[in-house]
Each structure stands twice: as C-alpha cells, then as structure tokens.
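Q: okay, predicted coordinates and the sequence, questions at the end:
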Amino acid sequence: MTRSSLTALPARLVLTTAISATLLTGMLATSNASAQEKDQFNVCWSIYAGWMPWSYADTQGIVDKWADKYDIEIDVVQVNDYVESINQYTSGNVDGCAMTNMDALTLPAASGVDSTALIINDYSNGNDGVVLKGSDDLAEIEGRKVNLVQFSVSHYFLARALETVGLTERDIQTVNTSDADMVAIYPNDDIEAVVTWNPQLSAIDELNDSNVVFTSRNLPAEILDMMVVNTDTLAANPDFGRALVGAWYEVMDEIEADNQEALSQMAEAAGTDLAGYKNQLAATYLYTDPQEAAELMHSEGLLSTMQRVAEFSYKHGLLGEMAPSAEFIGIETPQGVFGDENNIQLRFDPTYTETYIESQQ
C-alpha cells in the first residue's frame, strides 16, 4: 500500500448514526460483565501508519510474551474497516481498540461506554492537509466549496485551520465526500478545495494546480492516535493494561533503533515497501519515548485540546441528541476534568506508562 494508493489507510471517521436502545442495553450489560476479573482479552486495530506496530507485536509474539508474564491471554485482531473496529469496541465485543481522540469521545464515550486512553501512540504531523486550487494562501479558502468527509477528524482539522486565518465554517461551504473519491474528483473543474489525509493527500499534491496550504504539522499533538480500553475492564484487570503497554514500548524500542527488519515487516503488513512506510512515518509523530507520552497526558495542552474537540463535537451534534452542552461528557486527565464530573466517560491515564518506565530503570 503506497501513499498514492486509493484503497490504503481506512478513513478515521466519526459515525453519526444513533445507537439503538437495544444496542445500548446490550452495551451496558456487556460493560457490567466486563468489570469482572478475567484472563482472556481482545483488542483490535486497523491499518494506519501509527498502528502498524500492533501488527508486528502480534505476529512476532511480543504481545504473547507480555501476556504470559501476567498469566493472561490477549488476542490482537485486525479489522479492515476503521469505523467497524470502533463499533466492535463500543458494542463490547473487544476490550480495547485503536482510535483517535475525537472518535473516542464521539463514539464509545458519547454512547455511555466509559473508556480509558491507555496509550497515546502518536499524533498526525503532516498526515492531514488542506489543498487549494489556484492559490497557496489558506485565507483564500473564504467563499469556496470544500470537499471533505464531514464530521470526521478532517472536519475538525479544517475548523482549526480556519481559526488561524480569522475565518469560521460560516465562511466556506463543506461538501461531504468519500475519502475514496478525493483523488479522482480533484481534477474536476468544480472542485475548489479539499481536506484529506494520507495517502490521498500526497496523491493529490502530485496533481496539477494543487497547493497544500495547511497541514496537521501546524497543530502538533491535536489529532491523537491511541489505544483505548474499557475502563471497568482495566480497573478489574490491571495486568491487561500492563501487558499492552509493555508490548507497545518494546516495539517502540525497535523503531527507535531503526530496526530495518521490523520496519519492513510493518511496511509489508501495511501493503507498502520500506521506503513507503518510512514516508508515512515521517508525517506521524510516534511517541517512541514513553516518558514523552506520559508528559503529554499530564500536560494542560491535552485538556485544552479535548475541550476544543468537545466543543466542535457538540456544535455538530456528535455528542448525542440528549447532550445539552459541550460539557455533557466528562473528560478526565491528570490536569483535571472538562465537562460533567458526574458523567466521566473518557479518561487519559498515564499511570500504566509510568509503571513501565519505572520497571525499566
């Protein structure tokens, strides 16, 4: 899968379909059941540059090694569709799932599934971008139609980009467009601007009259990719969290050491070659240092970022029909809580990473 492949990297989307009462009832029952102690767990992931280490950790027995250390079993499952992977987590079919910070809020948390960001593994550092025709000035997006996947991370990213030039969503017109169609439609005369992510972004950048005027590199540590686990399951089974964190950072050591064999296996699993995968990683800020990842969870900036995400999500109706404000769902970090302290459904917990750090000293 190269950066110009149109079928690469499933969309990091927000699912806006309301969850039925029957499904919600099933989720609550599952949540209560998962609060029990157990020794078998499942986590899932989908193909994305920052999540390929899970493939390597699985196939190389690294997850098994760490699970064995704690006398548990962890099954790591690849799900080809990103949104479906989150659905599997939200419905209680798996105990953990790789997802973005925005999707963690608007899908499981907004559905009443108390969730913990166990690992912040990376942030988009150029993987997302705004492209204009006929101009290299972001301010000239004013008055244009902008093709993007509405209510996705791209939509949030566009809103943040507009702020930097004194504009709002009222100054443009969004056109909902499948990520799979972005490259094909860009040459059309009626396309004035697009917002997308890699590999589509790189493919469009190679076309005529394309100007990447803003990327996620301008918004460091905002579009976060994480391993999210069920809070009740984690509380009842802390060894589950310890094993996942240990396995993850063992692979991070391989990446930090530039292990070509390990990187080649990740590239192959992603459907690309080593050079292609390294290009993808160049636009992905991996937290290979667990201390840096823990510091991010402790930062005031993280809580501020999540407040912006919550406000955007509320504005677009992504926190549910019953949400009276952006503060409907409580989001907890070591710096405090944004939102309702009596309805905390998304937590950022650095303690498991910090325990790992201490164990390595």
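A: That came through fine. A quick note: this is a predicted structure, and the numbers were derived from the prediction, not measured.
Q: ok, which stretches of this protein are strands?
A: 40-45, 73-78, 96-100, 115-124, 128-132, 145-148, 173-176, 193-197, 211-215, 224-230, 284-286, 330-333, 336-338, 344-348 (DSSP state E).
Q: in JSON lines: those, plus distance to residue 64 and mean pLDDT.
A: Glycine gets a C-beta too; all of them are placed from N, C-alpha and C. What follows is the strands of the chain, written out as JSON lines (distance: least, C-beta to C-beta, whole Å; pLDDT from 0 to 100):
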{"stretch": "strand 40-45", "distance to residue 64": "12", "mean pLDDT": "98"}
{"stretch": "strand 73-78", "distance to residue 64": "8", "mean pLDDT": "98"}
{"stretch": "strand 96-100", "distance to residue 64": "16", "mean pLDDT": "96"}
{"stretch": "strand 115-124", "distance to residue 64": "18", "mean pLDDT": "97"}
{"stretch": "strand 128-132", "distance to residue 64": "34", "mean pLDDT": "97"}
{"stretch": "strand 145-148", "distance to residue 64": "40", "mean pLDDT": "98"}
{"stretch": "strand 173-176", "distance to residue 64": "42", "mean pLDDT": "96"}
{"stretch": "strand 193-197", "distance to residue 64": "32", "mean pLDDT": "95"}
{"stretch": "strand 211-215", "distance to residue 64": "38", "mean pLDDT": "98"}
{"stretch": "strand 224-230", "distance to residue 64": "17", "mean pLDDT": "98"}
{"stretch": "strand 284-286", "distance to residue 64": "23", "mean pLDDT": "97"}
{"stretch": "strand 330-333", "distance to residue 64": "32", "mean pLDDT": "98"}
{"stretch": "strand 336-338", "distance to residue 64": "37", "mean pLDDT": "98"}
{"stretch": "strand 344-348", "distance to residue 64": "27", "mean pLDDT": "98"}
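Q: low-confidence regions, the stretch 51-200 of the chain specifically.
A: Along the stretch 51-200 of the chain, no part satisfies pLDDT under 70.
Q: re the thing from before, dump the strands of the chain to CSV, plus mean neighbour count and distance to residue 161.
A: As requested, these are arranged in CSV below (neighbours: other C-beta atoms under 10 Å; distance: least, C-beta to C-beta, whole Å):
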stretch, mean neighbour count, distance to residue 161
strand 40-45, 20, 28
strand 73-78, 18, 32
strand 96-100, 28, 17
strand 115-124, 26, 13
strand 128-132, 26, 5
strand 145-148, 21, 10
strand 173-176, 14, 13
strand 193-197, 26, 8
strand 211-215, 19, 5
strand 224-230, 26, 17
strand 284-286, 21, 18
strand 330-333, 23, 23
strand 336-338, 17, 22
strand 344-348, 23, 24
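Q: number of nearby residues for the residue nearest to residue 133 when sequence neighbours are not counted?
A: When the adjacent residues along the chain are set aside, residue 133 lies closest to residue 209, with 5.0 Å between them (C-beta to C-beta, 6 or more residues apart in numbering). For residue 209, the neighbour count with other C-beta atoms under 10 Å is 12.
Q: pLDDT score for residue 209?
A: You'll see residue 209 listed with a pLDDT of 97.
Q: that one contacts residue 132, doesn't it?
A: No - with contact defined as C-beta atoms under 8 Å, residue 209 does not count as touching residue 132 (9.0 Å).
Q: check contacts around residue 52.
A: 266-267, 269-270, 277 (C-beta atoms under 8 Å, 6 or more residues apart in numbering).
Q: let me see the domain layout of the protein.
A: Recorded structural domains for the chain (assignment: automatic domain parsing) are 21-123+223-359, 128-218.
Q: ok, residue 204 - contacts?
A: Applying C-beta under 8 Å, 6+ apart, the residues contacting residue 204 are 131, 182-183, 186, 194, 196, 210.
Q: residue 299 now?
A: By C-beta under 8 Å, 6+ apart, the contact set of residue 299 is residue 335.
Q: 10 Å instead, please
A: If you count contacts by C-beta atoms under 10 Å, 6 or more residues apart in numbering, residue 299 has them with 221, 305, 333-335, 348.
Q: tell me which two in those are the farthest apart.
A: Within these, 221 and 334 form the most distant pair, 15.3 Å apart (C-beta to C-beta).
Q: of those two, who's got more company?
A: Taking other C-beta under 10 Å, residue 221 and residue 334 do not tie; residue 221 has more neighbours (19 against 16).
Q: can you give me the distance of the more buried one to residue 287?
A: As for residue 221, its distance to residue 287 is 10 Å (criterion: C-beta to C-beta, to the nearest Å).
Q: sorry, back to before: nearest to residue 321, of the strands of the chain?
A: Proximity to residue 321 (C-beta to C-beta) singles out strand 344-348 among these, at 16.1 Å.
Q: list the helices and strands that closest one packs on?
A: helix 101-106, strand 115-124, strand 224-230, helix 231-236, helix 290-298, helix 300-315, strand 330-333, strand 336-338 (3 or more C-beta pairs under 10 Å, 6 or more residues apart in numbering; DSSP states H and E).
Q: with that, I have no additional questions.
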